[in-house]
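Student: sequence unknown, structure follows:
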């Protein structure tokens, strides 16, 4: 009887872990992952972003602005995408000292989301 109780207890523990997830919510029915691109004028030239969305959620942002000033605009290129992902919005503060590049990244993301 003790062996049966032990087996049942182990099975209960195993099945309780089976329902655990990695913390990500599954996409609702009809939602799909899309990759969008957008561009806006930065300080040194065009800033292009690639935005990945799942339904209405921003799941990834990559920004490229090869003509932006190294150590200034490049800081916005490096830092702002994660802020947008974390906020799930472009309603975030820009990077200090890189206002034009920050605004270009946010505008490019908005353009991508709007299909412009």
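Tutor: In hand now; what should we look at? Keep in mind that what you see is a predicted model, and the values were worked out from it rather than measured.
Student: For the chain, which segments are assigned as strands?
Tutor: With DSSP state E as the criterion, the chain has strands at 33-41, 46-54, 57-64.
Student: which residues in this protein form helices?
Tutor: In the chain, the helices defined using DSSP state H lie at 2-18, 73-87, 99-114.
Student: can you list contacts of the last one?
Tutor: Taking C-beta atoms under 8 Å, 6 or more residues apart in numbering as the criterion, the residues outside helix 99-114 that touch it are 36-43, 47-51, 53, 58, 61, 63, 65, 68-69, 72-73, 76-77, 80-81, 84, 90, 92, 94-95. To be clear about C-beta, it is placed using only N, CA and C from the backbone, and glycine gets the same treatment.
Student: Between the two ends of stretch 43-57, how far is it?
Tutor: 28 Å (C-alpha to C-alpha, to the nearest Å).
Student: list the buried ones in it?
Tutor: By 16 or more other C-beta atoms under 10 Å, the buried positions in stretch 43-57 come out as 43-44, 47-54.
Student: cool, stretch 84-101 as well?
Tutor: 84-85, 90, 92, 94-95, 98, 100-101.
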